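In: Return a 3D structure for these sequence lines:
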Amino acid sequence: MKLYTSSETKKIDRLAIKKKGISAFSLMMKAAEFSFNTILENWPNTTKAIIFCSKGNNTGDGYLLAALLKEAGIQSQIVQITKREGLSPATAKGLRVCKQRKVKTIKFSSFKKMKIEKNTVLIDALLGTGLKGKVRKELHQAIEFINKKSKNYPLLSLDIPSGICADSGTELGASILADVTTTFVGRKRGCYTSRGKERAGKVYFNDLLVGKDIFKKVDSSCYILNMEDHLKKINQRNLNTHKGHYGHVLIIGGNTGFGGAAILAAKAAARSGAGLVSLATRPEHMNAALSQCPEIMVKGVNSGQDLEPFLSQPKVLAIGPGLGQDAWSEQLLQRTLWETKNRNIPIVMDADSLNLLPKMNLTSSLPQKIVITPHPGEASKLLKKTVNEIEIDRFKSVKELQKKLKAVVVLKGSGSLVCFNKRGKQMIGVCEAGNPGMASGGMGDILSGLIASFIAQGLDVIQATETAVDIHSKASDLTAMRLGQLGMLASDVLEDVIDLLRH
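Out: Presented below is the predicted three-dimensional model:
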């Protein structure tokens, strides 16, 4: 499923109007009808709707929705935040329809004094996808007040929560916290990552019958990840087979005090189907690793020289979980990077291996087949930016990382992004799944093990990364439903990863 920027969506709109003769008003009406049905689906007992409007095309959707609700016997009321100046022809026509249906309009000052009735739905039709700068003062105040009111009432946003940048998902000063967002024509990138993912709530999409031929004319390099695209290659196993057919993974990490991270990564690789899994770690962690998963071949290493004999056999290496940043860590990283470049084999890099890259001046001498999985803090060090600069535009940040390191890059966070270069064009896959329960130790280690395992089993580095990111997050959602988000452990998620792989 493709995701679009604001300008790409507007281009689809223009093409639909020009090539198919669909009017802007007709598109507005279809958007209003879809939103009307979404309200009935989610809140069937609705008896009243309050629609917050300003003056853009988003407000036009709101006017027509108000009229539809009134026709259906649901009391509807417009709260006009700004003056009705410079309305587009379609929005002005929507306003006329509202007046014909005798939908009442009140000022925001009157609404603030009003008592809201039971079974009322609040509808955000303030700001659409065209917002670029900060939200203006009057709308900023309105958004904050609406959010306070919505704690006790359901809130629907039209197209995108007001105050969220449709292109990046960042918050432009203030934003609506919606329970549900109905989005139209093209899925907006900003609804699926950063602040936008949190603010959009549950997203419902309708293409308004624009037509596949129109979508083909507007190229998008961004899409939603789907693990089903590549899982068949992993799940299909021949009867005449052995462990060598499913690859050998070597996990490198587990410094003093951080043994659990490397063990989790190795266990994830083993449980997700790798034929053989080895773990190179501090000698004091060997017994713990074997007690956790005796199927793993554990090597105790005290230096890069100790590691060298174990680097020649694996099909893929993963370094970073629990690696640390001392002399031991640096020796293992240098030795591993040399081996992967020399043998041209894939490597997955996470955690402290990423922190060491700029520290050791290694960012310009990386292997060809490389996957890096930074969180925003690690990304900030790699790009020499602040975390806030990384998060302001996650799409821009992940593209900069990909260009600089020439790697497949996973920028972790709310709506994780996977960026890679395909025939000279940067592509970005967006993970729709995931929840706040994943904000705990060990989650990234599980992901590293999964990526390495899927590479070992025959997926290329891009396919393996996309599949691992998606299945990891979807499994986390299952874990959250099963156990709750509070206290959710990485090892809990691994159990649901296994269930997803089985089914």
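In: Just the terminal-to-terminal distance for stretch 216-232.
Out: Distance between the two ends of stretch 216-232: 27 Å, counting by C-alpha to C-alpha, to the nearest Å.
In: ok now it, how far from the chain's centre?
Out: 13 Å (C-alpha atoms, centre = their mean, to the nearest Å).
In: just stretch 368-379 next, same as before
Out: The mean C-alpha position of stretch 368-379 is separated from the chain mean by 16 Å, C-alpha atoms, centre = their mean.
In: contacts for that stretch?
Out: Contact partners of stretch 368-379, identified using C-beta atoms under 8 Å, 6 or more residues apart in numbering, comprise 340-341, 344-351, 354-355, 382, 385, 387, 390-391, 397-398, 401, 405-413, 444, 447-448, 451, 461, 464-465. C-beta coordinates here come from the backbone N, C-alpha and C atoms, glycine included.
In: Can you give me every residue that contacts residue 384?
Out: Contact partners of residue 384, counting by C-beta under 8 Å, 6+ apart, are residue 358.
In: Next, find the distance separating it from residue 328.
Out: Per C-beta to C-beta, to the nearest Å, residue 384 is found 26 Å from residue 328.
In: With residue 198 instead?
Out: Taken as C-beta to C-beta, the span from residue 198 to residue 328 is 39 Å.
In: hang on, residue 477 in a helix?
Out: Yes - per DSSP: H, G, I helix; E, B strand; the rest coil, residue 477 lies within a helix segment.
In: In three-state terms, how would the residue nearest to it when sequence neighbours are not counted be classified?
Out: The shortest distance from residue 477 to any non-neighbouring residue, by C-beta to C-beta, 6 or more residues apart in numbering, is to residue 433 (5.3 Å). Here residue 433 is coil, with the state taken from three-state DSSP.
In: I'd guessed residue 433 sits against residue 469; true?
Out: No - applying C-beta atoms under 8 Å, one finds residue 433 not in contact with residue 469, separated by 9.1 Å.
In: Neighbour count for those two, which is higher?
Out: Here residue 433 and residue 469 are compared on neighbour count by other C-beta atoms under 10 Å; more neighbours surround residue 469, at 26 against 20.
In: Residue 144 against residue 175, yeah?
Out: No - contact criterion C-beta under 8 Å: residue 144 and residue 175 do not qualify, at 9.8 Å.
In: ok, the two, which is more surrounded?
Out: Each of residue 144 and residue 175 has its neighbours counted (other C-beta under 10 Å); residue 175 has more, 29 against 14.
In: quick one: that one from residue 125, how far?
Out: 14 Å.
In: for residue 20, same thing?
Out: Noted for residue 20: a distance of 25 Å to residue 125, by C-beta to C-beta.
In: With residue 182 instead?
Out: 11 Å.
In: do residue 336 as well
Out: When distance is defined by C-beta to C-beta, residue 336 is 54 Å away from residue 125.
In: Tell me if residue 427 really is in a strand.
Out: Yes - membership of residue 427 in a strand is supported by three-state DSSP.
In: And for it, the neighbour number?
Out: So residue 427, with other C-beta under 10 Å, has 18 neighbours.
In: thought it was touching residue 409?
Out: No - in this structure, residue 427 is not within contact of residue 409 by C-beta under 8 Å, at 11.1 Å.
In: Now do the shared contacts for those two.
Out: By C-beta under 8 Å, 6+ apart, the residues touching both residue 427 and residue 409 are 419, 420.
In: tell me the domain ranges of the chain?
Out: With automatic domain parsing as the criterion, the domains of the chain are listed as 2-218, 241-502.
In: May I see those arranged in JSON lines, with mean pLDDT as well?
Out: Shown next, in JSON lines, are these (pLDDT from 0 to 100):
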{"stretch": "domain 2-218", "mean pLDDT": "96"}
{"stretch": "domain 241-502", "mean pLDDT": "97"}
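In: which one of those lies closest to residue 224?
Out: Closest to residue 224 of the domains of the chain is domain 241-502 (C-beta to C-beta; 5.1 Å).
In: Quick check: end-to-end length of that closest one?
Out: First-to-last residue span, domain 241-502, C-alpha to C-alpha: 18 Å.
In: Distance from the chain centre to it, please.
Out: On C-alpha atoms, centre = their mean, the centre of domain 241-502 falls 18 Å from that of its chain.
In: ok, of the contacts of stretch 368-379, which come out buried?
Out: When these are checked for burial by 16 or more other C-beta atoms under 10 Å, the buried set is 340-341, 345-351, 354-355, 382, 385, 390-391, 397-398, 401, 405, 407-413, 444, 447-448, 451, 461, 464-465.
In: and these, which of them are in strands?
Out: 347, 348, 349, 408, 409, 410, 411 (DSSP state E).
In: Can you give me the distance of the first one to residue 478?
Out: According to C-beta to C-beta, residue 347 stands 30 Å off from residue 478.
In: likewise the fourth one?
Out: Taking C-beta to C-beta as the measure, residue 408 falls 26 Å from residue 478.
In: For residue 226, which of the domains of the chain is the nearest?
Out: domain 241-502 (6.5 Å).
In: packing partners for the host helix or strand of residue 229?
Out: In this assignment (DSSP states H and E), residue 229 forms part of helix 228-235. Here helix 228-235 touches helix 461-483, helix 490-502, going by 3 or more C-beta pairs under 8 Å, 6 or more residues apart in numbering; DSSP states H and E.
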